[in-house]
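# quick one, structure for this:
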Amino acid sequence: MYSRILYRMRNRIRNREYVVTAHARREMIDDGYSVYDLERGVLTGEVVERQRDQMTGEWKYRIRGSTVSGSEIEVLTKLSPTNTLVFITVYEP
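Now for the predicted structure:
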């Protein structure tokens, strides 16, 4: 259903056109994930939910995929107005 947006997000990862927010970095460290786990989560994952940000009106996507070690991971991402992929948060499902 969200194959076009997922395709665009995956291209941003392949081209290293992404940022990790401070919140996502804290959660990543707390849960023992690396940036490679975030990347792999999007590269192997599927969109499980689309949400509209109440303040900005931008679409956010909850993606469930797998980490480098094969465990499940969920990331909340969006594409910024400049088409940069933004990792908003990350957690174990």
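
# CA only for contacts and neighbour counts going forward, please
OK.

# phi, psi for the residue of the chain most remote from its centre please.
Residue farthest from the centre of the chain, counting by C-alpha atoms, centre = their mean, is Met55 at 19.4 Å. Note on Met55: its backbone torsions stand at phi -80, psi -40 [degrees, to the nearest 10].

# next one: it from Arg12, what distance?
24 Å (C-alpha to C-alpha, to the nearest Å).

# across the sheet, point out what pairs with Arg64.
Here Arg64 sits in beta bridges with Glu46, Glu74, going by DSSP bridges.

# what's near enough to touch it?
Gly41, Val42, Gly45, Glu46, Val47, Val48, Glu72, Ile73, Glu74, Val75, Pro93 (C-alpha atoms under 8 Å, 6 or more residues apart in numbering).

# give me the distance from the top helix by length along the chain to the chain's centre.
Looking across the chain with DSSP state H, the single longest helix is helix 3-14. Averaging C-alpha positions (C-alpha atoms, centre = their mean, to the nearest Å) puts helix 3-14 10 Å from its chain's average.

# and what of stretch 11-25?
8 Å.

# how about that stretch as CSV, C-alpha atoms only?
Only the C-alpha atoms of stretch 11-25 are listed here, as CSV (Å, rounded to 0.1, in the frame of the first residue of the first chain):
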residue,chain,number,x,y,z
ASN,A,11,16.8,5.2,-1.6
ARG,A,12,17.5,7.9,1.0
ILE,A,13,19.2,5.2,3.2
ARG,A,14,21.2,3.9,0.2
ASN,A,15,22.4,7.5,-0.5
ARG,A,16,23.0,8.3,3.2
GLU,A,17,20.4,11.1,3.0
TYR,A,18,19.0,10.8,6.5
VAL,A,19,19.3,12.2,9.9
VAL,A,20,18.7,10.7,13.3
THR,A,21,16.9,13.0,15.8
ALA,A,22,18.3,13.4,19.3
HIS,A,23,15.3,11.5,20.7
ALA,A,24,15.8,8.6,18.3
ARG,A,25,19.5,8.5,19.1
